[in-house]
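Novice: The following block contains a protein sequence and its predicted model.
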Amino acid sequence: MARRTERQATFLRAKVIGLDDVVLNCQVVDISESGARLYVKDAKVPNDFLLSIPSRGQSFFCERARRDGDFIGVRFVTKGHLR
């Protein structure tokens, strides 16, 4: 399946915040307008969560799309970002 938007490589520190308020530290490896790839070492990431990127002042509602070892592909389920 072709990507809708081009990805940008990043090394941004971020947090996965689950609906049950569990917080996991992660790194955003790449990001686009429609999703991102996260590095989350040995963690159980929920299907739906809030991704917070403090250095950019951005938060996105996400759904997990795929997992490959410690890498998680996510789709942003709301357009734009929350502040």
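Specialist: The structure has been received and is ready for your questions. A quick note: this is a predicted structure, and the numbers were derived from the prediction, not measured.
Novice: Now do the SS call for residue 55.
Specialist: Of the three states, residue 55 takes helix according to DSSP: H, G, I helix; E, B strand; the rest coil.
Novice: you'd agree it is up against residue 12?
Specialist: Yes: Residue 55 lies in contact with residue 12 (C-beta atoms under 8 Å); the separation is 5.9 Å. The C-beta positions use only the backbone N, C-alpha and C, and glycine is treated the same way.
Novice: between the two, which one's more packed in?
Specialist: Neighbours were tallied for residue 55 and for residue 12 using other C-beta atoms under 10 Å; the higher tally belongs to residue 12 (17 against 10).
Novice: Tell me the bridge partners for the closest residue to residue 78 other than its chain neighbours.
Specialist: In space, and not counting its chain neighbours, residue 78 is closest to residue 61: 4.8 Å by C-beta to C-beta, 6 or more residues apart in numbering. Taking DSSP bridges as the rule, residue 61 bridges to residue 50.
Novice: My guess is residue 61 contacts residue 52. True?
Specialist: No: using C-beta under 8 Å, residue 61 is not in contact with residue 52; the gap is 10.8 Å.
Novice: between these two, which one's more packed in?
Specialist: Higher neighbour count among residue 61 and residue 52: residue 52, with 18 against 15, using other C-beta under 10 Å.
Novice: Now the helix or strand where that one lies: buried residues?
Specialist: Using DSSP states H and E, the element containing residue 52 is strand 48-53. Neighbour-count burial for strand 48-53 flags 49, 51-53 (criterion: 16 or more other C-beta atoms under 10 Å).
Novice: Can you name the helix or strand that the residue nearest to residue 47 when sequence neighbours are not counted falls in?
Specialist: The shortest distance from residue 47 to any non-neighbouring residue, by C-beta to C-beta, 6+ apart, is to residue 64 (5.2 Å). Element membership for residue 64 (DSSP H and E) is strand 58-68.
Novice: Past that strand, which element shows up next along the chain?
Specialist: Note on strand 58-68: by DSSP H and E, the next helix or strand toward the C-terminus is strand 71-76.
Novice: Could you list every helix and strand in contact with that next one?
Specialist: Strand 71-76 is packed against strand 35-39, strand 58-68, with contacts defined by 3 or more C-beta pairs under 8 Å, 6 or more residues apart in numbering; DSSP states H and E.
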